[in-house]
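Enquirer: Okay, sequence plus prediction incoming.
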Amino acid sequence: MTNKLRRYWAIAAAEILVVTFAGAAAAMTTCEGTYSAMALRPFPAAIVVGVDIHDRSPENLKLAERFLAGIRKAGVAVGPGPTVLLHVGTSRYNLPLGGRGAQNLPELSGLQSGMEVGLPAMPDTRFGTPRPVGSPPPLNLRVDATEGQKPRISWTAVVQCRRIGADNGALAEDLGRLIGGALGRRIDRGPV
């Protein structure tokens with residue numbers, strides 16, 4: 001085998017490993033579902049990510065730090081003076097009889113930001129498929145990214161999944177890793 005051919009195979013093998021690792025890195029152990037993302041405007045050349053946090057209680061700050069740790073693990077810089085600010089909204093649908101509609105998630109309120117994100121009212125349960133008794137309601141997370149403090153949204157993502165387990169910190173970190181890996185890109189219904 002010539003050196004040129006060896007180099008070609010080495011590059012091809014490295015690309016396969018990168019794609020395989022990236023796919024494995026996107027898998028979440030705390031939530032199963034899908035996500036989509038859309039780039040609306042380009043980001044600045046040098047990205048440093050921050051999270052818009054309004055409730056600065058100790059528990060909320062811990063969750064936000066875990067979320068940022070996940071973003072950092074995805075290879076995105078985080079820190080003071082962010083050039084990209086993430087605004088996070090969470091809700092879940094509670095579909096059993098008598099509990100229709102969306103509700104906020106107090107256990108993830110540390111990731112809630114100042115942008116109000118509302119979800120449409122759920123139709124009557126006779127039009128939907130009821131979830132099995134005892135299964136957790138779906139989690140809906142919307143993340144909007146703005147360039148610094150500017151109000152215009154540059155990128156948005158929506159995650160819809162069913163929680164696995166009750167560790168809010170691990171969920172926040174997994175979500176951060178997922179969002180960090182998708183930041184600035186368009187993704188049509190990727191698995192979580």
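Expert: Structure received. Everything quoted here is computed from the prediction, not taken from an experiment. Residues are numbered from 1 along each chain as shown.
Enquirer: Which residue ranges of this protein form strands?
Expert: 31-39, 49-51, 84-93, 102-103, 138-147, 153-163, 187-191 (DSSP state E).
Enquirer: Neighbouring strands - and their directions - for the longest one?
Expert: It refers to strand 153-163. According to DSSP bridges, strand 153-163 forms sheet pairs with strand 31-39 (antiparallel), strand 138-147 (antiparallel).
Enquirer: Check the last one too.
Expert: According to DSSP bridges, the neighbouring strands of strand 187-191, each with its direction, are strand 31-39 (antiparallel).
Enquirer: Which residues does the partner strand contact?
Expert: Under the criterion C-beta atoms under 8 Å, 6 or more residues apart in numbering, residues 138-139, 154-164, 171, 174-175, 178, 182, 184-192 lie in contact with strand 31-39. Heads up, the C-betas are built off the backbone N, CA and C, glycines and all.
Enquirer: Could I get the full set of helices for the chain?
Expert: 3-26, 58-73, 168-182 (DSSP state H).
Enquirer: worst average pLDDT in these?
Expert: Looking at the helices of the chain, the lowest mean pLDDT belongs to helix 3-26 (a mean of 40).
Enquirer: and the gap between the closest residue to residue 160 other than its chain neighbours and residue 54?
Expert: Using C-beta to C-beta, 6 or more residues apart in numbering and skipping the chain neighbours, the partner closest in space to residue 160 is residue 33 (4.9 Å). Distance, residue 33 to residue 54, by C-beta to C-beta, to the nearest Å: 26 Å.
Enquirer: and what of residue 144?
Expert: Counting by C-beta to C-beta - residue 144 and residue 54 are separated by 14 Å.
Enquirer: neighbour-wise, which of those two wins?
Expert: A direct count of neighbours by other C-beta atoms under 10 Å for residue 144 and residue 54 places residue 144 higher, at 21 against 10.
Enquirer: mind checking pLDDT for the residue nearest to residue 174 when sequence neighbours are not counted?
Expert: Nearest residue to residue 174, sequence neighbours excluded (C-beta to C-beta, 6+ apart): residue 28, at 4.3 Å. pLDDT for residue 28: 88.
Enquirer: next one: residue 131
Expert: pLDDT, read off for residue 131, is 54.
Enquirer: Would you agree the residue nearest to residue 174 is in contact with residue 192?
Expert: Yes - Residue 28 lies in contact with residue 192 (C-beta atoms under 8 Å); the separation is 4.9 Å.
Enquirer: Now do the contacts for residue 141.
Expert: Contacts here follow C-beta under 8 Å, 6+ apart; on that basis residue 141 touches 88, 89, 90, 111, 158, 159, 160, 175.
Enquirer: again, only using 6 Å
Expert: By C-beta atoms under 6 Å, 6 or more residues apart in numbering, the contact list for residue 141 reads 90, 159.
Enquirer: what's across from it in the sheet?
Expert: residue 90, residue 159.
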